[in-house]
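> I'd like to go over a predicted model; first the sequence, then the structure.
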Amino acid sequence: MIPYAAPIFKASLPVFMALTLDDVRRVAHLARVAIDDAEARAVLSQLNDVFRLVAEMQAVDTAGVEPMSHALDVTQRLRADAVTEADQHAAFQSVAPHVEGDLYLVPKVIE
């Protein structure tokens, strides 16, 4: 198991830096996305909500909680690692146009 370092519990919500309209416009410009003021305000509100949610999740005390890969305690059913088909290497290479040293030779396509 990989060692897990739980975040330290903070009594209050962590402070996050809210974005500004200029930040949203700059990101839109860098992404080459045309955005008007109404859309920028809507996106600003949504992004700040996301950052607020992340701050709330970081404030949760997870000390003593084991990390898990799935919400349910299940294990993956695996089939036996066994050969199920016969080796047909020689048969496949017998019909190939060019073979050398058990390797398929193909025409050069890049000069």
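It's in. Remember, it's a predicted structure, so these values are computed and weren't measured experimentally.
> For burial, what's the neighbour tally of V24?
22 (other Cβ atoms under 10 Å). Backbone N, C-alpha and C define where each C-beta goes, glycine included.
> before we move on, which element is it in?
Using DSSP states H and E, V24 sits within helix 21-30.
> Distance from that helix to the middle of the chain?
25 Å (Cα atoms, centre = their mean, to the nearest Å).
> helices and strands around it, which ones?
On a contact count with 3 or more Cβ pairs under 8 Å, 6 or more residues apart in numbering; DSSP states H and E, helix 21-30 meets helix 37-58.
> And the next helix or strand past the helix it packs on?
That would be, after helix 37-58 and using DSSP H and E, helix 89-94.
> remind me which residues of this protein are low pLDDT?
1-15 (pLDDT under 70).
> Now with 90, please.
When residues are selected by pLDDT under 90, those of the chain lie in 1-18, 55-60, 62-77, 79, 107-111.
> Spatially central residue in it, please.
Closest to where the C-alpha atoms of the chain average out (Cα atoms, centre = their mean) is S69, at 13.9 Å.
> Contacts for the helix holding V24 next, please.
A34, I35, D37, A40, R41, V43, L44, L47 (Cβ atoms under 8 Å, 6 or more residues apart in numbering).
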